[in-house]
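>>> okay, predicted coordinates and the sequence, questions at the end:
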Amino acid sequence: MSLKIYGVARTRAFRALWMAEELGIDYEHLPIEIGDAGARTPEFLAINPNGRLPAIVDDTFVLFESLAITLYLAKKYANGRLYPSALEAEAKAWQWSFWAISEVDRGVNIWSLHAVRLPPEERDAAKRDEALAVLKAPFKVLDAALANEPYLAGDDFTVADLNVAAVVSRGVDMDLSHVPHLKDWLLRCLGRPAAKRALTLKAAADAATPPEVTRLIVRRNRL
């Protein structure tokens, strides 16, 4: 087995796992944790010196940053599916991927921590509400982009949809009634069989995460 995906499925490794499932390729999942016993060990730092998850090793090729990984896997293994062939369409996939990281990734994570993942007594309502306020404008942008098409590139699900939906996925339990096109699209993406398989891994990892690890996430990332 040539492809190894490092990172517990609760982390951004979910994105790489979903892509691997979507492509139907064989892979080995190494569910290492954040922190000194996992992503900060000398062995993993030799793969990703940032000490963050995920990372992949594909034969001898090493790559980190979750959406770089999904774009790489799609382009290498999609065989005409998922990854656009035209330069302009490829650039749009990059656009939406970078947009998701810069505009919504942090806000969705803050909301999920202070609405769902932290123990109830440790959640900060002000941070939760601020995250919702920050997400309002970019969610409207995404909603408008999906007003007349089922997916970001038109009729077909592509890597652009996977990347953006994976970033937004922690917000699936938000009240999205004000962005109905976004809501329908997100449920459509997360309802795909490959997404469900990756979400099963993610849910199991979430359920097994002790509170101290969630607190570490908050402290280390200033969330």
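Structure received. Residues are numbered from 1 along each chain as shown.
>>> could you list the buried residues of the helix or strand hosting Ala74?
Ala74 is part of helix 66-77, with elements assigned from DSSP states H and E. Of all the residues in helix 66-77, those buried under the rule 16 or more other Cβ atoms under 10 Å are 66-67, 69-74, 77. Placement of C-beta: from N, CA and C, glycine included.
>>> you'd agree Thr164 is up against Trp96?
Small correction: residue 164 is Val, not Thr. Yes - counting by Cβ atoms under 8 Å, Val164 touches Trp96, with 5.3 Å between them.
>>> centre of the chain to the least confident helix or strand in the chain by mean pLDDT, how far?
In the chain, no helix or strand scores lower on mean pLDDT, DSSP states H and E than helix 211-221, which sits at a mean of 82. How far helix 211-221 lies from its chain's middle: 18 Å, per Cα atoms, centre = their mean, to the nearest Å.
>>> helices and strands around that helix, which ones?
Of the remaining helices and strands, none touches helix 211-221 by 3 or more Cβ pairs under 8 Å, 6 or more residues apart in numbering; DSSP states H and E.
>>> got the buried residues for that helix?
Result for helix 211-221 [16+ other Cβ under 10 Å]: buried residues 214, 217-218.
>>> same question for stretch 22-36.
By 16+ other Cβ under 10 Å, the buried positions in stretch 22-36 come out as 22-23, 25, 27, 29-34.
>>> walk me through the domains of this protein.
With domains defined by automatic domain parsing, the chain comprises 3-81, 87-195.
>>> please produce JSON lines containing the ones you listed, extended by mean pLDDT.
Listed next are the domains of the chain as JSON lines, based on pLDDT from 0 to 100:
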{"stretch": "domain 3-81", "mean pLDDT": "96"}
{"stretch": "domain 87-195", "mean pLDDT": "96"}
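>>> compare these and give me the one nearest Asp206.
domain 3-81 (5.2 Å; Cβ to Cβ).
>>> ends of that closest one, how far apart?
19 Å (Cα to Cα, to the nearest Å).
>>> ditto for stretch 35-47
By Cα to Cα, the extent of stretch 35-47 from end to end equals 15 Å.
>>> how far does that stretch sit from the chain's center?
Remark: stretch 35-47 is offset 21 Å from the chain centroid, using Cα atoms, centre = their mean.
>>> give me the helices and strands touching the longest helix seen in the chain, please.
In the chain, with assignment by DSSP state H, the single longest helix is helix 125-145. Here helix 125-145 touches helix 105-112, helix 180-190, going by 3+ Cβ pairs under 8 Å, 6+ apart.
>>> pull out the buried residues from the last one.
Under the neighbour-count criterion of 16+ other Cβ under 10 Å, helix 180-190 has 181-183, 185-186, 188-190 buried.
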